[in-house]
Every structure is written in structure tokens, then in C-alpha cells.
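Peer 1: structural data only, the sequence is not supplied:
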């Protein structure tokens, strides 16, 4: 019975060492992101902030996915190697910590952005961000400004009409008063 007990302890020790090794492999790559859902407007800039921790040399790859397309944005290694695709070459700013900036947003930039970190042994981990791009409706602003200008012109014309009508009314009242007065005022003066 005592023999089985030693055997059980050895099995547990082996199992624990394998479990610790697997946890080490699984925890070798960590990606932390403070904000995973972002909303911006057209022509603004966005910054996908991540903090990548990985032992050894690792490769960072960003991929864009939407319901229509899936395309690689770029791949880089901290400290040097950068390979940004032609579609994004003028708008992407990669950072050594894995973060990525994207400038001059377009409507079609809305979708899912996936970061994949791969270490030297081939282990990889993914994290995703959702970007919603809102369209600024300049037509609404133009409609609003034209409407405000039209209302201001109408208000000005109404004030001018009221002023003219007041002038005409005062002249008519003055003319009626003069007409009601007798033309010859034959008041005789009597001697005192």
C-alpha cells in the first residue's frame, strides 16, 4: 500500500510539471488592450492600443476583416522589420509594442482588426478590435445653414414691411387730421 502511495506522488509530480509547462507555453504570449471597440468619424485618425508581452523575438501581424473582404495590413517585428501592404502604406503607423495607428479613415475602414502575435517557436495568439466609422453628413449642415439664412432674410423682409406700413399709417392719420380741420378759420377778434 505504501508503494502505491509513492507511485501516486510521482504521477502527481509529473502531471504538475507537465501542467506548469503547458501553462508556461500558453502564457508565453499576452496581448492586453484597454479598448476593443472604437468609434470614429470619416477623415479622423484611430489608434489601436495594445501591449504585447512575449519572450524572445516575435512577429506582429495586423489583419482587417469585414463582411466583404479580409486583407493583411502589415507584419513587423519590434526593432526593425516592417512590411506594410500597399493599400495601407501611407496611412499606417506601426509601433514596437504592437499598437497601430491608422490615419484618414474612410467608411470602408469600419470592421474588425485582428492582431496576431507569433513567437519564435510558432505559438501564436490573437486579439481583436472593432472599429465603427461614422459618416459626417455635410449635406445636413448645408441644409441647416441655407435654411437659417432663408429664415433670416424672410425675417428681415417682414421687419422692413412692418416699418414701411407704419410710415404709411402715420401719413394717412396725419392727412385725415388735416382734412378734418376747417379750411378757413374765420375767427373774428373782438375789441376789448
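Peer 2: Now that the structure is in, tell me what you want to look at. Predicted model, so just to flag it, every value in this text is computed and none were measured. Numbering: from 1, shown residues only.

Peer 1: and the residue lying closest to residue 94 once chain neighbours are set aside, what does it touch?
Peer 2: Closest residue in space to residue 94, ignoring its immediate chain neighbours: residue 76 at 4.9 Å, by CB to CB, 6 or more residues apart in numbering. Bear in mind the C-beta positions are built from the backbone N, C-alpha and C, glycine included. Residues near residue 76 by CB atoms under 8 Å, 6 or more residues apart in numbering: 59, 60, 82, 83, 84, 94.

Peer 1: what about the second one, is that helix, strand or coil?
Peer 2: The local conformation at residue 60, judged by DSSP: H, G, I helix; E, B strand; the rest coil, is strand.

Peer 1: ok, now how distant is it from residue 51?
Peer 2: Look at residue 60 and residue 51: by CB to CB, to the nearest Å, they are 12 Å apart.

Peer 1: what sits in contact with each of the two?
Peer 2: residue 98.

Peer 1: more neighbours: the two, which one.
Peer 2: More crowded of residue 60 and residue 51, by other CB atoms under 10 Å: residue 60, with 26 against 12.

Peer 1: beta partners of the more buried one?
Peer 2: Legend: beta-bridge partners of residue 60 under DSSP bridges are residue 76, residue 117.

Peer 1: hang on, it packs against residue 52?
Peer 2: Yes - distance between residue 60 and residue 52: 6.6 Å, which falls inside the contact criterion (CB atoms under 8 Å).

Peer 1: let's have the contacts of residue 76 in a markdown table, adding pLDDT and distance to residue 145.
Peer 2: Supplementary listing: these in a markdown table, determined by pLDDT from 0 to 100; distance: CB to CB, whole Å:
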| residue | pLDDT | distance to residue 145 |
| --- | --- | --- |
| 59 | 88 | 51 |
| 60 | 88 | 46 |
| 82 | 80 | 45 |
| 83 | 84 | 46 |
| 84 | 86 | 40 |
| 94 | 87 | 41 |
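
Peer 1: neighbour-wise, give me the winner out of those residues.
Peer 2: residue 60 (26 neighbours).

Peer 1: quick one: contacts for that one?
Peer 2: 52, 75, 76, 77, 78, 94, 98, 115, 116, 117 are the contacts of residue 60 under CB under 8 Å, 6+ apart.

Peer 1: could you report the distance from the fifth one to residue 57?
Peer 2: Yep, that's residue 78 we're talking about. 8 Å.

Peer 1: and the longest strand seen in the chain, what does it pack against?
Peer 2: Determined from DSSP state E, the single longest strand within the chain is strand 124-134. Contact here means 3 or more CB pairs under 8 Å, 6 or more residues apart in numbering; DSSP states H and E; on that basis strand 124-134 packs against strand 29-32, strand 37-41, strand 111-119.
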